[in-house]
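1. sequence plus the predicted model coming up.
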Amino acid sequence: MIKNTLISCKDVSKTFAGLDEPIINKLNLNINEGDHTAIIGVSGSGKSTLLHLMAGLEKTSSGQIKILNQNIASLDQDELGVLRNTHLGFVYQFHHLLSDFNAIENVALPLLIRRCPYKKAFKEAEDLLRKIGLGKRLTHKPGQLSGGERQRVAIARSLIAKPKCILADEPTGNLDGKTAHFVFDLLLDLAKENRSTIILVTHDNQLAARLKFHYKLDQGKLKKR
Ligand SMILES: Nc1ncnc2c1ncn2[C@@H]1O[C@H](COP(=O)(O)OP(=O)(O)OP(=O)(O)O)[C@@H](O)[C@H]1O
Ligand SMILES: [Mg+2]
């Protein structure tokens, strides 16, 4: 079966002001639809930066990134927003839930952005939260949840709209080993159910080993492992 390229990076570099060396240095990567890819690297190697570039959350210094064959540099902010909202789900390294909104509201948000009717969005959010064991935390706000619970809410939010691709930045970084595997299992199960592509960045070799493709980010470049 020939798979379509979902995200491609061609000679991508990123330099931050004040740093001598580029953090990402002429990096090339192709992610096909359905691939489950892990990118590992030490702290500061540029994993979050790379993921932000691939999601169009940050601009490249040079090189080209395409999402579904569209050069994201040629899109304006609105077009990029639509592309991201339609096809990508992002799990941030630090959960980024909206603190004034409860679990259901946070999870329903991507559906509401896609103009899903209010009632339907809330029902789907509630169902998903129940499914991942948070049925008793539906109206809790992030400040009233444990770290693992918050991370589960963030995962539910990234998956609720069944995106083609999930970009997960250390989704279990702040959790103990057992909880990390539990939360990661949830992410994998839900992604498989939706046939979503996964791009995971992590410094945890054990988690990375559970995905099919592995790369190491080192000195701004990716090496296949
Ligand atoms: N906005 C910025 N301005 C200047 N330097 C930055 C900026 N963002 C990141 N950096 C630097 O780029 C490098 C890579 O950061 P990044 O967050 O991508 O690393 P990481 O691999 O995700 O690390 P960690 O495992 O700790 O999350 C770091 O040295 C960081 O200090
Ligand atoms: Mg990071």
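-> Yep, it's here. Ligands and ions are numbered 1, 2, ... in the order given.

2. can we go C-alpha only for contacts and neighbour counts from here?
-> OK.

3. what does this protein have sitting close to ligand 1?
-> 16, 23, 42, 43, 44, 45, 46, 47, 48, 49 (Cα under 6 Å from any ligand atom).

4. got a quick ChimeraX command for the buried subset of these?
-> Listed next is the ChimeraX selection for buried residues among the residues of the chain next to ligand 1, using 16 or more other Cα atoms under 10 Å:
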select :23,45,46,47,48,49
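
5. out of the residues of the chain next to ligand 1, name the ones that lie in helices.
-> Among the residues of the chain next to ligand 1, the members falling in helices (DSSP state H) are 47, 48, 49.

6. with distance to residue 187 added, can I get those in TSV?
-> Formatted as TSV, those follow (distance: Cα to Cα, whole Å):
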residue	distance to residue 187
47	19
48	18
49	22
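
7. let me have those residues in JSON lines, extended by distance to residue 27 and pLDDT.
-> Listed next are those as JSON lines, based on distance: Cα to Cα, whole Å; pLDDT from 0 to 100:
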{"residue": "47", "distance to residue 27": "12", "pLDDT": "95"}
{"residue": "48", "distance to residue 27": "14", "pLDDT": "94"}
{"residue": "49", "distance to residue 27": "12", "pLDDT": "96"}
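
8. can you tell me which of the residues you listed is nearest residue 171?
-> Ranked by distance to residue 171 (Cα to Cα), these are led by residue 48 at 11.5 Å.

9. make sure residue 92 is actually in contact with residue 169.
-> Yes - using Cα atoms under 8 Å, residue 92 is in contact with residue 169, at 5.3 Å.

10. pick out whichever of these two has more residues nearby.
-> Legend: neighbour count by other Cα atoms under 10 Å for residue 92 and residue 169, higher for residue 169 (24 against 20).

11. what packs against the lowest-mean-pLDDT helix or strand in the chain?
-> For the chain, counting by mean pLDDT, DSSP states H and E, helix 177-194 ranks last in confidence among helices and strands (a mean of 87). Helix 177-194 sits against helix 147-159, with contacts defined as 3 or more Cα pairs under 8 Å, 6 or more residues apart in numbering; DSSP states H and E.

12. what angle separates the helix it packs on from helix 177-194?
-> 10 degrees (axes from the mean of the first three to the mean of the last three Cα atoms, to 10 degrees).

13. helix or strand next in line after helix 147-159, which one?
-> With elements assigned by DSSP states H and E, the helix or strand that comes after helix 147-159 is strand 165-169.

14. what average pLDDT does that following strand get?
-> For strand 165-169, mean pLDDT rounds to 95.
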